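1. Could you work out the structure for the sequence below:
(one chain, ligands or ions: 3)
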Amino acid sequence: MPIHNADIAAIFEQVADLLEIEGANPFRVRAYRNAARTVGEFGQELAALVAAGQELPHLPGIGDDLAGKIREIATTGRLTLLERLRGELPPALTELLEVPGLGPKRVKALHEALGVDTVEQLRAAAEAGRIREVPGFGPKTEQRILEHLRGPGEPERRLLLAVARQYAEALAAHLRATPGVQQVEVAGSYRRRKETVGDLDILVTAADAAPVMGRFTAYDEVREVLSQGPTRASVVLASGLQVDLRVVEPASFGAALHYFTGSKAHNIAIRKRGQARGLKINEYGVFRGKDRIAGETEQSVFAAVDLPWIPPELREDRGEIEWAARAPLPRLIERADLRGDLHCHSRASDGHATLQELAAAARAAGLEYLAITEHSQRLTVARGLGTERLLKQCEEIDALNARLDGIVLLKGIEVDILEDGRLDLPDDVLSQLDLVIGAVHSHFDLPPARQLKRLLRAIDHPHFTLLAHPGCREINKRPLLDIDWLRLVRHARQRGCFLELNAQPKRLDLTDVHARMAKEEGVLVAINSDAHAVHDLDDLDYGIGQARRGWLTAEDVLNTRPLPELRKLLGNG
Ligand code: DGT
Ligand code: CA
Ligand code: CA
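-> Ligands and ions are numbered 1, 2, ... in the order given. Okay, here's the model as predicted:
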């Protein structure tokens with residue numbers, strides 16, 4: 001059974017959680033967390049390299065010991081260390097770790113307060129309302145734990161787009177290698193670049209469907225075949241991901257691609273438009289009576305209802321059809337439009353690369369400028385910088401800029417926004433920087449009015465430039481901040497500050513909806529990698545996907561500006 005990078009990462013995350021609960025050395029815990037992140041986001045499948053008998057590439061933060069563990073997981077699908085740790089801890093703990101929103105620290109505290117060891121004792125405590133009485137926990141947590149223990153019926157699990165991509169690309173390559181196959185497209189929410197996908201929808205054109213169906217169901221990751229007919233099948237992969245396959249003839253390709261790309265709401269609206277013109281539209285084509293008048297390309301399907309081709313990212317029935325009917329659609333931003341990245345971390349805080357390595361990688365990625373924005377002192381787990389280390393880094397950046405060609409490093413900071421909205425470093429230090437990114441890393445649960453006030457106060461700070469990951473969400477783990485978004489966006493506009501669209505696959509924050517709100521309110525958005533290692537710069541691509549879903553053009557994005565113009569916008573030109 002093939003092992004994907006995401007599987008290795010998940011095992012490392014679990015090890016880190018269990019080690020943290022055991023009270024292991026924090027450096028060891030952090031090493032596993034960093035390894036999980038590095039492996040999970042690495043672009044090449046490590047298990048495939050191991051299987052091919054190749055050396056593992058040199059990955060930041062992964063020494064011989066971790067490399068050995070990667071090989072163990074890649075070859076056996078398991079990790080002895082994880083199994084040992086599981087065996088050592090009470091089952092109630094392992095169960096609690098799987099409850100969304102509960103990290104190891106809180107799990108440990110809860111476990112100690114309740115004195116429960118088995119899952120049954122945990123259930124009894126939750127049902128008796130004892131969890132809400134533990135200091136720091138409330139009825140909401142209790143509810144989440146109960147929902148988790150009830151098992152199925154819990155909300156469906158949606159995979160991160162970046163994780164789904166690993167499965168999708170491997171399977172698409174497998175199908176492309178079938179004799180007689182012409183086109184293979186992954187449609188559905190994946191093609192619309194939605195931040196998470198429920199399942200994969202793959203479309204294949206081939207003169208003869210049978211060999212494709214055979215090769216699909218025989219794919220070695222298939223755990224279960226849910227249904228199978230002559231031209232369609234659904235399977236569940238070992239990862240739990242469902243995949244729907246359709247084989248169509250080339251004359252229907254465009255219609256089928258349009259249909260399976262969705263969204264459903266968009267499809268329904270297009271079909272209605274067809275009906276108004278006396279046309280029937282389905283996955284086989286566009287029909288007037290019995291005649292197929294379009295369907296070979298998507299373009300032909302749209303043209304049949306008097307529309308230009310609409311990019312998949314916009315197909316959510318959020319006004320794209322009405323817009324396209326009356327005016328050209330905006331030219332959505334592309335990766336090549338980005339000239340810089342305004343958020344990254346070096347070894348000085350919790351990153352893995354040196355300033356020089358980051359600069360070289362950014363230049364290689366086609367960027368002209370890169371802001372170095374370490375964490376600030378309050379974030380001790382990330383070795384945040386205080387005044388002295390920050391000013392020293394500024395000197396290093398000046399010296400490096402004097403030597404660098406083709407890339408300019410900007411001096412910044414990702415300063416912590418404290419609980420009351422003050423910033424974690426003094427004014428006279430912040431005033432020396434090219435830009436000040438502010439970010440919330442604690443107290444996510446403040447009541448909405450207080451949370452908003454906190455953010456507005458931070459934005460009001462004279463040196464504040466850019467609000468990082470404004471919603472503070474982690475997909476499937478931590479919800480968006482519960483605040484009045486329109487007020488936040490309008491305040492940013494008044495203050496002339498900017499909002500980040502953080503491109504990390506697990507964040508993608510601003511959301512598509514809020515990115516569009518920023519555009520409509522006239523606030524420029526910065527699409528940033530928040531890189532902690534050089535390969536994280538690749539994540540900019542996910543940020544672009546999300547920005548396109550938010551209707552953003554190059555004009556709407558801060559870091560498409562040439563450096564002199566950027567400096568003016570930052571107020572230091
Ligand atoms: P997901 O999988 O939950 O992330 O989202 P989608 O959009 O990939 O949804 P999925 O896999 O259920 O269906 C794929 C596409 O098929 C969907 O985007 C539009 C099309 N589709 C599915 N059901 C219907 C339907 O009842 N009516 C129409 N018009 N289209 C449908
Ligand atoms: Ca789907
Ligand atoms: Ca589907």
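
2. Centre of the chain to stretch 417-429, how far?
-> The chain centroid and the centroid of stretch 417-429 are separated by 28 Å, computed with Cα atoms, centre = their mean, to the nearest Å.

3. what's the span of it from first residue to last?
-> 15 Å (Cα to Cα, to the nearest Å).

4. got a list of contacts for it?
-> 376-378, 384, 386-387, 390-391, 413, 415-416, 430, 436, 438-440, 442-443, 446, 453-458, 461-464 (Cβ atoms under 8 Å, 6 or more residues apart in numbering). For glycine as for every other residue, the C-beta is placed from the backbone atoms N, C-alpha and C.

5. Could I have the buried ones of those residues as PyMOL selection syntax?
-> Of these, the buried ones can be selected in PyMOL as follows, counting by 16 or more other Cβ atoms under 10 Å:
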select buried, resi 376+377+378+384+390+413+415+416+430+436+438+439+440+446+454+455+456+457+458+461+463+464
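
6. from the contacts of stretch 417-429, which ones fall inside strands?
-> I413, V415, D416, V436, G438, A439 (DSSP state E).

7. Please determine how far the fourth one is located from A233.
-> From V436 over to A233 the distance is 54 Å, taken as Cβ to Cβ, to the nearest Å.

8. What is the burial count for A251?
-> 13 (other Cβ atoms under 10 Å).

9. Give me the nearest residue to it, chain neighbours excluded.
-> Of all residues not flanking A251 in the chain, E296 sits nearest, at 5.4 Å (Cβ to Cβ, 6 or more residues apart in numbering).

10. cool, and M517?
-> Closest to M517 by Cβ to Cβ, 6+ apart is V489, at 5.4 Å.

11. now swap in R473 and tell me
-> Distances taken as Cβ to Cβ, 6+ apart place L480 nearest to R473, at 4.6 Å, with adjacent residues excluded.

12. cool, and E221?
-> L237 (4.6 Å).

13. again with G421
-> In space, G421 is closest to R457, 2.9 Å off (Cβ to Cβ, 6+ apart).

14. What values do phi and psi take at the residue nearest to A251?
-> phi -70, psi -40 (degrees, to the nearest 10).

15. ok, it touching L257?
-> No: between E296 and L257 there is no contact under Cβ atoms under 8 Å: 10.3 Å.

16. who has more neighbours, those two?
-> The neighbour count for E296 versus L257, taken as other Cβ under 10 Å, is higher for L257 (24 against 16).

17. can you tell me the residue of the stretch 201-350 of the chain closest to ligand 2?
-> D201 (4.6 Å; Cβ to the ion).

18. mind checking which helix or strand that residue is in?
-> D201 belongs to strand 199-206 when assigned by DSSP states H and E.

19. so, in contact with ligand 1 or not, that strand?
-> Yes: using Cβ under 6 Å from any ligand atom, we find that strand 199-206 touches ligand 1 at D199, D201.

20. quick one on the thing from earlier: grab the nearest non-local neighbour of the residue of the stretch 201-350 of the chain closest to ligand 2.
-> Using Cβ to Cβ, 6+ apart, the closest residue to D201 is G188 (3.5 Å).

21. Is the one you found in contact with K264, as I believe?
-> No: taking contacts as Cβ under 8 Å, G188 lies outside contact range of K264: 10.2 Å.

22. got the domain boundaries for the chain?
-> 5-149, 159-247, 252-326, 335-570 (automatic domain parsing).

23. could you redo these as JSON lines and give each row mean pLDDT?
-> Formatted as JSON lines, those follow (pLDDT from 0 to 100):
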{"stretch": "domain 5-149", "mean pLDDT": "89"}
{"stretch": "domain 159-247", "mean pLDDT": "96"}
{"stretch": "domain 252-326", "mean pLDDT": "97"}
{"stretch": "domain 335-570", "mean pLDDT": "96"}
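
24. out of these, deepest packed?
-> Highest mean neighbour count of these: domain 335-570, a mean of 20 (counted as mean count of other Cβ atoms under 10 Å).

25. Work out which residue lies at the spatial centre of the chain.
-> P505 (1.8 Å; Cα atoms, centre = their mean).

26. quick one, what contacts that one?
-> Applying Cβ under 8 Å, 6+ apart, the residues near P505 are E41, L160, L161, A162, V163, E195, I475, D539, Y542.

27. Thanks a lot, catch you later.
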